[in-house]
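# turn this into a model:
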Amino acid sequence: MDLAFIPSPSRGVVELGPIPLRGYAFCIIIGVFVAVWLGNKRWIARGGRPGTVADISVWAVPFGLVGGRLYHVITDYQLYFSEGRDWVDAFKIWEGGLGIWGAIAFGAVGAWIGCRRRGIPLPAWADALAPGIAFAQAIGRWGNWFNQELYGKATDLPWALKITSAEDGRVPGTYHPTFLYESLWCIGVGFLVIWADRRFKLGHGRAFALYVASYCAGRGWIEYMRVDDAHHVLGLRLNVWTAIAVFVLAVVYFVLSAKTRPGREEIVEPVPAGEESADSPDGEGATPAKSADDADDGDAEGAKDAEKAKVEDKAKAEAEDKDKDGAGSAKKG
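Purely as a prediction, here's the structure:
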């Protein structure tokens with residue numbers, strides 16, 4: 001007899017009046033809003049303009065959803081194209097099935113398009129979004145709880161997940177709640193990125209690289225616990241190999257970026273034309289500050305002028321002394 005367990009919902013649909021909203025889709029939507037909200041706050045703190053994150057997300061989110069679905073359908077094609085399956089189900093994204101690897105890859109393409117249109121660097125935007133994406137994943141994983149999917153091996157631990165559905169080959173029982181493990185891990189990743197970014201002033205995409213590497217480190221062992229059908233390569237699930245490969249790429253990028261482009265971007269978003277003089281008290285453009293080279297040139301010119309003045313003063317003093325000596329000699333004669 002199980003004394004304690006995490007119950008699964010009896011149905012995966014949340015009723016909002018006459019509008020049925022699937023729990024999976026609801027979690028994805030809430031996660032997107034959290035990512036954009038936090039990303040906007042971080043972008044403004046970096047010197048960006050309000051609304052820029054949301055504008056670029058209009059490109060990134062649809063691309064990410066398409067990419068996530070494509071990765072899932074391609075890597076689990078047997079769920080949609082094998083005998084007895086309906087290929088139309090591949091388009092039913094609300095029923096679950098998004099691959100984070102495809103979502104991030106395609107989302108980055110959409111973000112790149114949005115960033116180019118706004119004239120801002122993609123790495124800086126990604127750094128601002130990084131912890132928000134981790135928190136969005138933490139929320140989105142609860143969509144798997146609504147669908148009673150992606151659980152781990154059988155267990156009788158007090159926090160075991162109780163599966164009651166027998167559809168699609170499920171066996172009712174209590175299992176490791178891998179959705180919960182990944183959700184908690186993503187929360188930790190989000191706070192890790194926030195702390196590291198404040199402590200080390202990460203820039204040029206390194207905050208995003210830290211998020212990717214940290215997520216992959218957790219996804220590897222969590223994926224290994226899952227018991228749902230998946231393709232295997234050399235005895236490991238495909239997603240485990242993907243996590244290892246992406247982890248290595250993220251670490252390499254982090255190290256090389258730190259060496260070639262240390263520090264953080266000073267300007268992440270250019271000021272639109274017409275707003276450059278907004279801070280000038282007389283309504284005209286403020287006098288631009290001198291660069292370090294200009295300042296050095298000014299100091300050199302000042303030193304030359306001072307030396308020239310000293311020479312002229314010395315020559316004048318010597319001339320006056322000669323005049324006095326000449327006058328004294330005339331009086332004696």
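# tell me which residues in the helix or strand harbouring Trp59 are buried?
Assigned by DSSP states H and E, Trp59 belongs to helix 52-75. By neighbour count on 16 or more other Cβ atoms under 10 Å, the buried set for helix 52-75 is 52-53, 56-57, 59-61, 63-73, 75. Placement of C-beta: from N, CA and C, glycine included.
# which residues touch the most centrally placed residue in the chain?
Central residue of the chain (Cα atoms, centre = their mean): Ala130, 2.3 Å from the mean position. Under the criterion of Cβ atoms under 8 Å, 6 or more residues apart in numbering, the neighbours of Ala130 are 193, 197, 207-208, 210-211.
# after whichever strand or helix holds it, which helix or strand is next? Please name it.
Using DSSP H and E, Ala130 sits in helix 122-140. Next helix or strand after helix 122-140 toward the C-terminus (DSSP H and E): helix 142-147.
# what packs against that following helix?
Counting contacts by 3 or more Cβ pairs under 8 Å, 6 or more residues apart in numbering; DSSP states H and E, helix 142-147 packs against helix 23-45, helix 178-200.
# could you list the residues in contact with it?
With Cβ under 8 Å, 6+ apart, helix 142-147 has contacts from 8-9, 12, 22-28, 95-96, 150, 161, 177, 179-180, 183.
# then stretch 101-111?
56-57, 59-72, 122, 125-126, 133, 212, 239, 242, 246.
# quick revisit: what's the following helix or strand after the helix holding Trp59?
Downstream of helix 52-75, the next assigned helix or strand under DSSP H and E is helix 78-81.
# sorry, back to before: by how many degrees do the helix holding Trp59 and helix 122-140 diverge?
Between helix 52-75 and helix 122-140, the angle comes out at 60 degrees (axes from the mean of the first three to the mean of the last three Cα atoms, to 10 degrees).
# just the element for Ala258, please.
Ala258 is part of helix 238-260, with elements assigned from DSSP H and E.
# give me the below-cutoff pLDDT ranges for this protein.
Applying pLDDT under 70 to the chain flags residues 1-3, 14, 94, 273-333.
# ok, back up a step: which parts of the helix holding Ala130 are buried?
122-140.
# ok, stretch 253-263 next?
Buried residues in stretch 253-263, counted by 16+ other Cβ under 10 Å: 253-254, 257-258.
# can you add distance to Ala35 and give those back as TSV?
Formatted as TSV, these follow (distance: Cβ to Cβ, whole Å):
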residue	distance to Ala35
Tyr253	21
Phe254	21
Ser257	23
Ala258	25
